[in-house]
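Enquirer: Below: sequence and its predicted model.
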Amino acid sequence: MHVLLLNGPNLNLLGQREPGIYGQSSLADIEAELAREAKQESVQLDCFQSNFEGALVDRIHQAMGVSAGILINAGAYTHTSIAIRDALAGVAIPYVELHLSNTHAREEFRHHSFLAERAVGVICGFGPASYSLALKGLLSHLRRNA
Ligand code: DQA
């Protein structure tokens with residue numbers, strides 16, 4: 001089974017970017033740890049990060065017929081992107097939205113998500129552990145509905 005991990009803009013800077021909010025781990029650290037956890041569950045994790053909205057849309061389209069589920073931290077596009085919402089709806093692949101920070105405890109413009117309404121679930125506020133929790137939630141959903 002393949003699961004796609006998508007990371008949006010500025011998440012390539014994890015570890016250097018606002019460490020008080022986003023922590024010390026790099027995206028490579030997070031991806032490696034999650035791939036290890038996925039492997040223990042017999043899941044192949046495919047990772048993709050882009051700072052470009054259209055590249056994320058293209059990668060979502062490519063997941064059709066390949067990925068059983070998607071984990072997405074769309075970064076700031078969470079709060080702005082109807083295109084990413086429509087791409088996720090278009091491919092009809094179950095997805096979990098996740099964030100390192102608790103977006104509801106931050107600026108008001110981060111409280112709204114264009115992705116949450118159609119997500120299997122949303123995880124936020126647990127730092128890098130948000131990724132593990134999102135994987136667990138997605139796999140439990142996929143196995144319940146297999
Ligand atoms: C984020 C939260 C977003 O509001 C922000 O724009 C990000 C990171 C998070 O993981 O906490 O880039 O998605």
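Expert: Yes, it's here.

Enquirer: what's Asn73 sitting at in phi/psi?
Expert: phi -110, psi 100 (degrees, to the nearest 10).

Enquirer: residue contacts, it?
Expert: Leu6, Asn7, Gly8, Leu11, Glu97, Leu98, His99, Leu100, Ser130, Tyr131 (CB atoms under 8 Å, 6 or more residues apart in numbering). All C-beta atoms are positioned from the backbone trio N, CA, C, and that covers glycine.

Enquirer: OK, contacts around the second one?
Expert: This means Asn7. Asn7 touches Leu27, Cys47, Phe48, Gln49, Ser50, Ile72, Asn73, Gly75, counting by CB under 8 Å, 6+ apart.

Enquirer: Also the fifth one?
Expert: Taking CB under 8 Å, 6+ apart as the definition of contact, the neighbours of Glu97 are Ile72, Asn73, Ala74, Thr78, Ser113, Leu115, Ala116, Ala119, Gly121, Val122, Ile123, Ala134.
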